[in-house]
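Asks: Sequence plus predicted model, see below.
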Amino acid sequence: MKLPIRCKKPFTEELGLKIIDMFQNGMTVSAISRDLEMSYPAINNFLINNEIKKVKHCKLSEEKISQIINMVKDGVHSSEIARLTGSTCTTVSNIAKENGLTLNTFKMPRDEKNINFVDDYFSIIDTEAKAYFLVLFTPMVMLEFIMVVIF
């Protein structure tokens with residue numbers, strides 16, 4: 001049995017068994033929390049960590065969850081899974097963790113990530129708009145140098 005590390009009330013194995021018994025006899029987490037005068041998150045996390053209570057992803061159907069699991073097994077990146085299934089990366093991560101799977105978390109190289117990024121936009125200042133934009137984001141020390149070079 002996994003006991004919480006930090007809790008205001010001393011969390012003993014006896015108390016843990018009592019919480020499990022109360023939950024399995026049909027009491028809700030909030031009712032247990034009121035009866036034992038403990039915080040809801042402490043009891044809820046205890047039940048989840050000991051696999052007594054299953055976390056439900058209420059917005060996702062069983063079909064979507066199995067689709068996410070299959071994509072994780074195939075090695076698809078978590079952000080891509082989230083985009084394809086219409087869920088969040090956190091949800092994908094939680095589902096993978098619950099099923100004992102590891103996510104593909106490689107980072108895309110800069111070249112692939114910013115294909116349309118123009119590095120040399122200000123190499124030639126040929127319009128008035130570029131000059132104004134450059135002056136707006138340039139420190140004052142550099143402005144004197146730019147003014148001398150341009151004018």
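Replies: It's in. These numbers were taken from a predicted model, which means no experiment stands behind them.

Asks: Quick check: closest non-adjacent residue to residue 39.
Replies: Using Cβ to Cβ, 6 or more residues apart in numbering and skipping the chain neighbours, the partner closest in space to residue 39 is residue 33 (6.5 Å). Glycine gets a C-beta too; all of them are placed from N, C-alpha and C.

Asks: Number of residues surrounding the one you found?
Replies: 18 (other Cβ atoms under 10 Å).

Asks: Over stretch 84-102, what's the mean pLDDT, rounded is fine.
Replies: The pLDDT scores in stretch 84-102 average 86.

Asks: tell me how far the ends of it are from each other?
Replies: 19 Å (Cα to Cα, to the nearest Å).

Asks: which residues touch that stretch?
Replies: By Cβ atoms under 8 Å, 6 or more residues apart in numbering, the residues outside stretch 84-102 that reach it are 55, 57, 59-60, 64-65, 67-69, 71-73, 76, 78-79, 81-82, 103.

Asks: Near residue 72, how many other residues are there?
Replies: 21.

Asks: List the residues that contact it.
Replies: Going by Cβ under 8 Å, 6+ apart, the list of residues near residue 72 reads 78, 81, 92, 95-96, 99, 101, 103-104.

Asks: Please apply the same query to residue 78.
Replies: Contacts of residue 78 by Cβ under 8 Å, 6+ apart are 72, 89, 92-93, 96, 103-105.

Asks: Share the number of residues neighbouring the residue nearest to residue 76 when sequence neighbours are not counted, please.
Replies: Nearest residue to residue 76 in three dimensions, chain neighbours excluded: residue 104, at 6.6 Å (Cβ to Cβ, 6+ apart). Other residues near residue 104 number 15, with proximity taken as other Cβ under 10 Å.
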